[in-house]
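In: here is my input; please provide its structure:
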Amino acid sequence: MAFSTRLRQARITLYGIDPVATAECGNASLYESYLKGVSEPSQVNPGNLALQVLATQSGGLALNMSNDVASLLQKC
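Out: Below is the predicted model:
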């Protein structure tokens, strides 16, 4: 994806912190199915632009599974 490539070229790293997403909710790792990216614009889904996806593709982290926001911020 051109957007994540430009983020890396500009040395911009995103971090996604979601203290609500937990394994019990079933949505904590939903973004992982979109990490591969797309090769054609017609294949783009809203999930491809999720913060967790862009954060991971930019070299940052998608942090969840904890409601300890201070701890998640320290990992950044």
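In: give me the contacts around the helix or strand of the chain with the lowest mean pLDDT.
Out: The least trusted helix or strand in the chain, going by mean pLDDT, DSSP states H and E, turns out to be helix 69-75, with a mean of 79. Identification of contacts with helix 69-75 by Cβ atoms under 8 Å, 6 or more residues apart in numbering yields 17, 19, 61, 63, 66. Backbone N, C-alpha and C define where each C-beta goes, glycine included.
In: contacting residues around the residue positioned nearest the centre of the chain?
Out: Nearest to the geometric centre of the chain sits residue 52, at 1.4 Å (Cα atoms, centre = their mean). Contact analysis of residue 52 by Cβ under 8 Å, 6+ apart lists 16, 18, 31, 62, 64.
In: please apply the same query to residue 44.
Out: By Cβ under 8 Å, 6+ apart, the contact list for residue 44 reads residue 38.
In: what's the closest non-adjacent residue to residue 13?
Out: Once flanking residues are discounted, residue 13 sits nearest to residue 60: 4.3 Å by Cβ to Cβ, 6 or more residues apart in numbering.
In: how about the strands in the protein?
Out: Counting by DSSP state E, residue ranges of the strands within the chain are 16-17, 62-63.
In: most tightly packed of these?
Out: strand 62-63 (a mean of 22; mean count of other Cβ atoms under 10 Å).
In: what about the nearest residue to residue 59 once chain neighbours are set aside, neighbour count?
Out: Counting by Cβ to Cβ, 6+ apart, the nearest residue to residue 59 once its immediate chain neighbours are dropped is residue 13, at 5.1 Å. Look at residue 13: counted by other Cβ atoms under 10 Å, it has 13 neighbours.
In: I appreciate the help and will end here.
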